[in-house]
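>>> Quick one: sequence plus predicted model below, questions after.
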Amino acid sequence: MYLRRLLIALTSLMLCASPAFAVQTGVGQGGFVPVDSVPLADQLPAAPLLITAYAFVWIAVMVYLFSIWRRLNKVEADMRALAQKMPQR
């Protein structure tokens, strides 16, 4: 049992750490290119999509938290109503 857990842990560690040891081959960019000299279309073409995705996620989180808040208020009201209906000891 202990050996199996150790083997699973080591395998998981090795699989998670393997991208860190990946070696990039090939020739990259020759030097620093200022943003001013890059064409406007190549600077950040996905910026509107990125902003839309972040906005969608934040709105979804806020809607989810609002729904939890409403359900919690309903449960608390139900508990108060039950407490009033129960006979006092």
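Yes, it's here. Just so it is clear, the structure is predicted and the values come from calculations on it, not from any experiment.
>>> What about Arg4, how many residues nearby?
8 (other Cβ atoms under 10 Å). C-beta here means a position set from N, CA and C on the backbone, and glycine is covered the same way.
>>> Show me the shaky parts of this structure.
Along the chain, segments meeting pLDDT under 70 span 18-29, 33, 35, 38, 40-43, 45, 89.
>>> mind listing the helices for it?
2-17, 40-43, 47-85 (DSSP state H).
>>> Now those in CSV, please, with extra columns for distance to Phe32.
Formatted as CSV, the helices of the chain follow (distance: least, Cβ to Cβ, whole Å):
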stretch, distance to Phe32
helix 2-17, 31
helix 40-43, 15
helix 47-85, 22
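>>> what about the most centrally placed residue in the chain, distance to Leu50?
Computing the C-alpha centroid of the chain and ranking residues by Cα atoms, centre = their mean puts Val57 first, at 9.2 Å. Separation of Val57 from Leu50 (Cβ to Cβ, to the nearest Å): 11 Å.
>>> before we move on, what about Val75?
Val75 is 38 Å from Leu50, by Cβ to Cβ.
>>> what's the answer for Leu15, then?
In terms of Cβ to Cβ, Leu15 sits 29 Å off from Leu50.
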